[in-house]
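K.L.:
coordinates only, no sequence provided:
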């Protein structure tokens, strides 16, 4: 089981069923269940794109993101590889047991010195490849901070603006818009160092599956501009709180004194898994329990508004129904408590349905195994618990400690995948 505390949480049939549905979504999103559909011993086959691997002298893998090690593990088991680089978050235990690949542990969600080390290692690695080699980039969410090479600013300045953006409630595409315009490698710039053919296989952790946003479009190109980056900072009232050097850098871009990010694609990028990969499997699982189901995708925007919308939908359903949802809410962090967007969503949902007569079980998790600044990936509770006092916990962004009191925290540890968030509302 991916959900480590499944037995402790499944205290009644409704929670058991809800957890089973969540587990099925997590399993569906594992690279070992995805990559085998596209990578074969003699070729990579994605739709009409067929790449015979026999024409290359050597095949190298460059992977970064929360699923990097598990993606490499699967590709390495399916075809011949000569080595490569893997960049995963600090604290991860890699699933790969071979010295063929160099593993670098770097900062997430805020970049650190090891993130810069990883970026420089990848650049050097790409420069050393021969003309008849092939590089397969394996990209997943988290790459934006795991590999970092600030352009015209310091690492500390990059860390400050990243943290401010995350806490502001900005969406991932907005955050990455700014990141790309402060980087020497994002938005496709890393390909300037490529000396051979390459292809990117991408697991999407963004709404709309926009490759320009996933891991800040490192091997793709960029549709946004320096002007867009400035608008993001203005929208979230950050113009006065971010380092002045950040604003200076963006202003230089707006005035065309420094070049824009690349606007054309250099190599093929293919999305091989999305949030819907999880949701479709969850739908099948819910059918096996005899439930009527409805999928809501994508859930995005402020977590409080999402809770209101989902609450209205579930109370209108018939008995033995469930709503399966996926996406990525945003939370504006004002307090200093422990929590994450999934835990806050569960708590806000319970507040919305606390006076409803029907039995409703609520659960939401991050598929990467981590929710906010906690060791949980999300939560599961039902609407029969007493939510008195929850408002105070939410005000200080401390949903974790409220849910912990009610024994509703879901624990998986790192899942070695990353396909946004998934959740279930079950009505009996």
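P.N.:
Received the coordinates, thanks. In this text the structure is predicted, and so the values were computed from the model without any measurement.
K.L.:
who touches the closest residue to residue 185 other than its chain neighbours in this structure?
P.N.:
Counting by CB to CB, 6 or more residues apart in numbering, residue 185 lies nearest to residue 149, which is 4.9 Å off, once chain neighbours are set aside. For the C-beta atoms, the positions are set from N, CA and C on the backbone; glycine is no exception. Listed by CB atoms under 8 Å, 6 or more residues apart in numbering, the contact set of residue 149 reads 116, 119-120, 123, 183-185.
K.L.:
selection in PyMOL covering whichever of these are buried, please.
P.N.:
PyMOL command restricting these to the buried ones, with burial defined by 16 or more other CB atoms under 10 Å:
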select buried, resi 116+119+123+183+184+185
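K.L.:
among the contacts of residue 149, which are in helices?
P.N.:
Cross-referencing the contacts of residue 149 against helices under DSSP state H gives 116, 119-120, 123.
K.L.:
now stretch 249-257: buried residues?
P.N.:
249-250, 253-254.
K.L.:
again with stretch 334-346
P.N.:
337-346.
K.L.:
re the thing from before, so what pLDDT did the residue nearest to residue 185 get?
P.N.:
With respect to pLDDT, residue 149 has a value of 98.
K.L.:
could you do residue 316 as well?
P.N.:
As predicted, residue 316 sits at a pLDDT of 94.
K.L.:
what number of residues lie near it?
P.N.:
Residue 316: 9 surrounding residues under other CB atoms under 10 Å.
K.L.:
would you list the phi and psi of it?
P.N.:
When read as degrees, to the nearest 10, the backbone of residue 316 gives phi -90, psi -10.
K.L.:
same question for the one 10 residues further on.
P.N.:
In terms of degrees, to the nearest 10, the main-chain angles of residue 326 are phi -150, psi 160.
K.L.:
so who does the closest residue to residue 302 other than its chain neighbours touch?
P.N.:
Distances taken as CB to CB, 6+ apart put residue 330 closest to residue 302, at 6.1 Å, once the chain neighbours are dropped. The contact partners of residue 330, by CB under 8 Å, 6+ apart, come to 169-171, 300-303, 341.
K.L.:
against residue 423, how distant is residue 330?
P.N.:
Going from residue 330 to residue 423 by CB to CB, to the nearest Å gives 15 Å.
K.L.:
check residue 277 too.
P.N.:
15 Å.
K.L.:
of the two, which one has the most company?
P.N.:
The neighbour comparison of residue 277 against residue 423 (other CB under 10 Å) goes to residue 423, with 31 against 23.
K.L.:
show me where the stretch 51-200 of the chain has helices.
P.N.:
Per DSSP state H, counting those that start in this stretch, the stretch 51-200 of the chain carries helices over the ranges 68-78, 113-127, 143-146, 155-168, 172-180.
K.L.:
I'd like these as TSV, with distance to residue 266 and mean pLDDT appended.
P.N.:
Output for the helices of the stretch 51-200 of the chain, formatted as TSV (distance: least, CB to CB, whole Å; pLDDT from 0 to 100):
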stretch	distance to residue 266	mean pLDDT
helix 68-78	21	98
helix 113-127	12	98
helix 143-146	17	97
helix 155-168	25	96
helix 172-180	15	97
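K.L.:
most tightly packed of the ones you listed?
P.N.:
helix 143-146 (a mean of 28; mean count of other CB atoms under 10 Å).
K.L.:
tell me the domain ranges of this protein?
P.N.:
6-28+275-427, 31-273 (automatic domain parsing).
K.L.:
tell me who's in contact with residue 245.
P.N.:
152-154, 157.
K.L.:
isn't residue 71 up against residue 201?
P.N.:
Yes. With contact defined as CB atoms under 8 Å, residue 71 counts as touching residue 201 (7.3 Å).
K.L.:
intersection of neighbour lists for those two?
P.N.:
35, 138.
K.L.:
tell me the secondary structure for the residue lying farthest from the centre of the chain?
P.N.:
Computed with CA atoms, centre = their mean, the residue of the chain farthest from its C-alpha average is residue 357, at 35.6 Å. At residue 357 the chain is in coil, as set by DSSP: H, G, I helix; E, B strand; the rest coil.
K.L.:
ditto for residue 400
P.N.:
Going by three-state DSSP: residue 400 is helix.
K.L.:
wait, it touches residue 337, no?
P.N.:
Yes. Counting by CB under 8 Å, residue 400 touches residue 337, with 7.0 Å between them.
K.L.:
the residue nearest to residue 185 and residue 416, how far apart?
P.N.:
Relative to residue 416, and taking CB to CB, residue 149 is found at 25 Å.
K.L.:
run through the helices of the stretch 201-350 of the chain in chain order.
P.N.:
Going by DSSP H, counting those that start in this stretch, the stretch 201-350 of the chain shows helices at 226-235, 244-254, 275-288, 303-315, 341-352.
K.L.:
including distance to residue 142, could the ones you listed go into TSV?
P.N.:
TSV is the format used below for these (distance: least, CB to CB, whole Å):
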stretch	distance to residue 142
helix 226-235	20
helix 244-254	22
helix 275-288	15
helix 303-315	21
helix 341-352	15
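K.L.:
right, and the ones you listed - which one's nearest residue 104?
P.N.:
If you check each of those against residue 104 by CB to CB, helix 244-254 wins as the nearest, at 26.1 Å.
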